[in-house]
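>>> turn this into a model:
(2 chains)
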Amino acid sequence: MRHVKAQVTSLDIIISIIIVLVMMGVIAVILTMFFEASPSREYYGGQVFTNVESLNGSIAFLSDHRVDEAKLVAFSGLDYESRIKPLVLADMERFSSIKDDVCIFFTAENQIIPVGNKDTIGMTLGPGGTKAACDPNDPCREYRESFAYVKPVLRQSGPDENRIAKMSIVVCAG
Amino acid sequence: MNRKGYFYTFDAVLAVIILIIGIILIAGFYMYAPDKGKTEDLSSDMAALLSDVSVGDLCGGVQGMCSCPYPALQGACKGYAISEQDMSMLQLFGLLYFKNNRTAIDSIVDQMFVQSGALPEGYGLQLMLQDPKHPGKIEQLYPLVNKP
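Residues are numbered from 1 along each chain as shown, chains lettered A, B, ... in the order given. Predicted coordinates for the structure are as follows:
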């Protein structure tokens, strides 16, 4: 009688382990499918920099990791809603909502490198719910999600002084 | 007979706990997996930047060649009397490697990418060189772990 009980217990343990392993395998497969399906160039930031590097004419400020200062200032002077936002977020279905916003800024040695007389390019919602020039320290405070994309670039940080800077494009969603 | 119910309940609770631990472990593995796409983009950007940017871009101001924003780069530029404005940073690294001055490469990379903040927080950086004279031999130029 004791032997039969022991066999039942062993079988129970073996079945439990098999069920747990199968369940873990099923969950792993489901998670793999889910996580492989979602990442795209939109999420990785490739598209947003492709858009910036595809700008033409007097606003084509980024090429071969170099920033053209005059063209950058010209770009920063464009109207945000009608020009800057559509140009930067072009062909990005994930960020096609009117509520999505974009903030561009440059830093080196933890200091903001201004663009003309501005610290940042772009507008985001401020504490009062009104849109204003974005705050580089916390541009997406009033949004549900934020996506930060960075690229090392050559920028002029002062008169006759070029240095490597980090170009950040932060997309605030929802 | 009532005790049998306790055993079944205990068995079920135990199974659920094991399942939850399994789910958390697997989900945690996915949640904290590094963002491979961003890392690849960043590494190719850094390699392209070293190829695109010349010594003259950084050091060739009106004050003359070798007026650089990074002390290590200025030291190398003056030390080897670099006069070629078009020499890319990668070519400079090649020259420094040839001159067996890997410490200078290490310092330049550190000042250009790490201290400048160009490398985002949470990322590490390694610079490797495959010596064409010694196939299969890979030198780590940054961080310099074994000083030449």
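>>> show me the shaky parts of the chain.
If you meant another chain, say so; for now it's chain A. Across chain A, residues meeting the criterion (pLDDT under 70) sit at A:1-3, A:34-45, A:159.
>>> that answer is for a different chain, and I need it for chain B
B:1-2, B:29-35, B:61-63, B:146-148.
>>> up against chain B, what does chain A have?
A:12, A:16, A:19-20, A:23-24, A:27-28, A:31, A:35, A:39, A:41, A:43-46, A:64-66, A:107-110, A:149-154, A:157, A:160-166 (CB under 8 Å from any CB of the partner chain). Yep, even glycine has a C-beta here, placed from its N, CA and C like the rest.
>>> just the buried residues of the residues you listed.
The neighbour-count test (16 or more other CB atoms under 10 Å in any protein chain shown) marks A:23-24, A:27-28, A:31, A:43-46, A:65-66, A:107-108, A:149-154, A:157, A:162-166 as buried among the residues of chain A next to chain B.
>>> mark which of the residues you listed are part of strands, please.
Members of those lying in strands (criterion: DSSP state E): A:66, A:107-108, A:149-154, A:157, A:162-166.
>>> ok, longest helix in the chain?
This is for chain A. Assignment by DSSP state H gives helix A:2-37 as the longest helix of chain A.
>>> not what I meant, chain B
helix B:2-31.
>>> from the middle of its chain, how far away would the next helix or strand after it be?
Using DSSP states H and E, the helix or strand that directly follows helix B:2-31 along the chain is helix B:36-52. The chain centre lies 9 Å from the centre of helix B:36-52; the measure is CA atoms, centre = their mean, to the nearest Å.
>>> quick one: list the elements packing against helix B:36-52.
Helix B:36-52 sits against helix A:41-44, strand A:145-158, helix B:89-98, with contacts defined as 3 or more CB pairs under 8 Å, 6 or more residues apart in numbering or on different chains; DSSP states H and E.
>>> show me what that helix is in contact with.
Outside helix B:36-52, the residues that touch it by CB atoms under 8 Å, 6 or more residues apart in numbering or on different chains are A:39, A:41, A:43-46, A:64-66, A:149-154, A:164, B:88-90, B:93, B:113, B:119-120, B:123, B:125.
>>> so the nearest residue to residue A:77 once chain neighbours are set aside versus chain B, what's the distance?
Leaving out its chain neighbours, the residue that sits closest to residue A:77 by CB to CB, 6 or more residues apart in numbering or on different chains is residue A:116, at 7.8 Å. Relative to chain B, residue A:116 is positioned 21 Å away (CB to the nearest CB, to the nearest Å).
>>> quick check: residue A:116 touching residue A:71?
No - using CB atoms under 8 Å, residue A:116 is not in contact with residue A:71, being 11.6 Å away.
>>> between those two, point out the one with more neighbours.
A direct count of neighbours by other CB atoms under 10 Å in any protein chain shown for residue A:116 and residue A:71 places residue A:71 higher, at 17 against 13.
>>> so that one is in which element?
helix A:69-76.
>>> flag every residue of chain B that's near chain A.
B:11, B:15, B:18-19, B:22-23, B:26-27, B:30, B:35, B:37-38, B:41-42, B:45-46, B:48-49, B:52-53, B:57-58, B:61-63, B:69-70, B:112-113, B:115-120.
>>> could you measure from the residue nearest the centre of chain B over to chain A?
For chain B, the residue nearest the mean C-alpha position is residue B:125 (1.5 Å; CA atoms, centre = their mean). Going from residue B:125 to chain A by CB to the nearest CB gives 11 Å.
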